[in-house]
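> Fold the following and give me the result.
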Amino acid sequence: MVWSSYALLLLFTLGVGIAFWIVSVWRRDVSIVDTLWSLMFLAITLGYAWLEGVSGPRGWLLIGLVSVWSLRLSYYITARNHGEPEDHRYQKIRANNQPGFVWKSLYIVFAFQVLMAWLIAMPLAVAVSSDTALGWLDLAGGALWVLGMVFEVGGDRQLARFKSDPSNRGQVLDTGLWRYTRHPNYFGECALWWGYYLMACAAGGWWTLASPLLMSFLLLRVSGVALLEQDIGERRPAYAEYIQRTNAFFPGPPRRAAVSAADE
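A predicted model of the protein is given here:
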C-alpha cells in the first residue's frame with residue numbers, strides 16, 4: 001500500500017467531516033454523521049483506486065461491493081432519520097459534554113469517526129489496487145459479504161415494516177431475523193467487514209487484521225450494541241425479557257417467547 005496516497009485520503013476525509021460538522025451545527029443535530037459513515041469508506045476506496053489505479057478484477061469487484069453497501073446504508077439511515085429529532089444516543093453525548101458541545105462535537109463525533117473510518121478502510125485500499133488473481137479467499141470473502149448483507153438489509157427492512165404499523169407501538173420485534181439475534185443489522189455489518197478482510201488477505205493484506213477487529217469492537221462495545229442497550233431495558237420492560245431469551249449479536253436459537261419500534 002502506498003502510504004502517501006492513503007495519508008492524502010485522510011486529509012480529504014477530514015475535510016468532508018468538517019463540512020458535515022458545519023451542517024450539524026446549523027441543524028443542531030449531529031446524527032447526520034451516521035449518513036456520512038458508510039460514504040467515507042466509499043470515498044476512500046474510490047480515492048485510492050483513482051490515485052493508485054485498479055489493476056485487476058478484485059479491485060472492480062470490491063468497488064462494486066463497497067458501492068452497494070455504502071450507498072444503501074447511507075440512504076436507509078438518511079430516510080429513517082428524516083424529520084426525526086437528534087438520535088437519543090447523540091442527545092446523551094451532547095448532554096454529557098456541555099458546555100461547549102458545538103465545538104467539542106467536531107472532534108468527539110466527527111473527527112473521531114473520520115479517523116476510525118480511515119483506519120478500518122485499510123483492507124479496502126489493499127484489495128482495490130491488487131493485481132493478483134482471484135482465489136478461494138475472495139470466494140469466502142464474497143460469501144461472508146452476502147451473508148452480512150442478508151442480515152443487515154433484512155434486519156433493517158423487517159424493523160422498518162414493524163415500526164410502520166401503529167399497533168406495534170411499544171411492542172418488541174421478535175420475529176424474522178430478530179428472533180435469532182437482537183441486532184441482525186450489526187451482525188451483518190460485522191460479517192461483511194470480515195468478508196472485505198478475506199479479500200484483502202487474498203491480495204497479501206493479512207496485516208490489516210486490526211481493521212475487522214476494530215469494527216467488531218465498535219459494533220459490540222462502543223457505538224453499537226453496548227450503547228444502544230445501555231438503558232433500553234429500563235425504558236422498555238418488554239425488551240428486558242427479550243434480552244433474557246435472545247442472543248445479543250451472533251445468531252442462535254431463542255432460549256425461551258422482541259427490537260423496539262422506537263429504537264435501533
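
> alpha carbons only for contacts and neighbour counts from here, please
OK.

> separation between the residue nearest the centre of the chain and residue 58?
Nearest to the centroid of the C-alpha atoms of the chain, with distances taken as CA atoms, centre = their mean, sits residue 189, at 5.8 Å. The spacing between residue 189 and residue 58, counted by CA to CA, to the nearest Å, is 21 Å.

> now swap in residue 104 and tell me
Distance check for residue 104 against residue 58: by CA to CA, it reads 40 Å.

> Among those two, which residue is more densely surrounded?
Neighbours around residue 104 and residue 58, counted as other CA atoms under 10 Å, are more numerous at residue 58. The numbers are 24 against 14.

> for the helix or strand that contains that one, packing partners?
Secondary-structure assignment from DSSP states H and E places residue 58 in helix 57-81. If contacts are counted by 3 or more CA pairs under 8 Å, 6 or more residues apart in numbering; DSSP states H and E, helix 57-81 sits against helix 33-52, helix 122-128.

> What are the buried residues along the longest one?
By that I understand helix 33-52. Residues of helix 33-52 classed as buried by neighbour count (16 or more other CA atoms under 10 Å): 33-49, 52.

> Spell out which residues sit in contact with residue 25, please.
Under the criterion of CA atoms under 8 Å, 6 or more residues apart in numbering, the neighbours of residue 25 are residue 102.

> So for it, what's the pLDDT?
In the predicted model, residue 25 carries a pLDDT score of 95.

> Residue 187 too?
The model reports residue 187 with a pLDDT of 96.

> Nearest spatial neighbour of it, chain-adjacent residues omitted?
In space, and not counting its chain neighbours, residue 187 is closest to residue 249: 5.8 Å by CA to CA, 6 or more residues apart in numbering.

> check contacts around the one you found.
With contacts defined as CA under 8 Å, 6+ apart, the neighbours of residue 249 are 181, 182, 183, 184, 186, 187, 220, 225.

> Using the three-state scheme, assign the second one.
Translated: residue 182. coil (DSSP: H, G, I helix; E, B strand; the rest coil).

> Count residues in the vicinity of the nearest residue to it once chain neighbours are set aside, would you?
Take residue 182 and drop its neighbours on the chain: the residue closest to it by CA to CA, 6+ apart is residue 248, 5.0 Å away. Taking other CA under 10 Å as the neighbour definition, residue 248 ends up with a count of 22.

> Do you have the helices of the stretch 151-264 of the chain handy? List them.
Defined through DSSP state H, counting those that start in this stretch, the helices belonging to the stretch 151-264 of the chain, from first to last, are 184-202, 210-217, 225-228, 232-235, 237-245.

> Identify, out of those, the most deeply packed stretch.
Stretch with highest mean neighbour count among these: helix 184-202 (a mean of 25; mean count of other CA atoms under 10 Å).

> and that one, how far from the chain's centre?
11 Å (CA atoms, centre = their mean, to the nearest Å).

> between that helix and helix 210-217, what angle do the directions make?
Taking axes from the mean of the first three to the mean of the last three CA atoms, to 10 degrees, one finds helix 184-202 and helix 210-217 inclined to each other by 170 degrees.

> element containing residue 113?
Per DSSP H and E, residue 113 falls inside helix 112-120.

> likewise residue 7?
Using DSSP H and E, residue 7 sits within helix 3-27.

> Of all the residues in that helix, which ones are buried?
In helix 3-27, counting by 16+ other CA under 10 Å, buried: 6, 9, 10, 12, 13, 14, 16, 17, 18, 20, 21, 24.

> now those as a markdown table including distance to residue 78?
Rendered in a markdown table, the data for the buried residues of helix 3-27 read as follows (distance: CA to CA, whole Å):
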| residue | distance to residue 78 |
| --- | --- |
| 6 | 28 |
| 9 | 24 |
| 10 | 24 |
| 12 | 22 |
| 13 | 19 |
| 14 | 21 |
| 16 | 17 |
| 17 | 16 |
| 18 | 19 |
| 20 | 13 |
| 21 | 16 |
| 24 | 14 |
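
> Tell me which two in these are the farthest apart.
6 and 24 (26.8 Å; CA to CA).

> returning to what we had before: Throw the helices and strands packed on helix 57-81 into CSV and include distance to residue 239, thanks.
Rendered in CSV, the data for the helices and strands packed on helix 57-81 read as follows (distance: least, CA to CA, whole Å):
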stretch, distance to residue 239
helix 33-52, 24
helix 122-128, 36
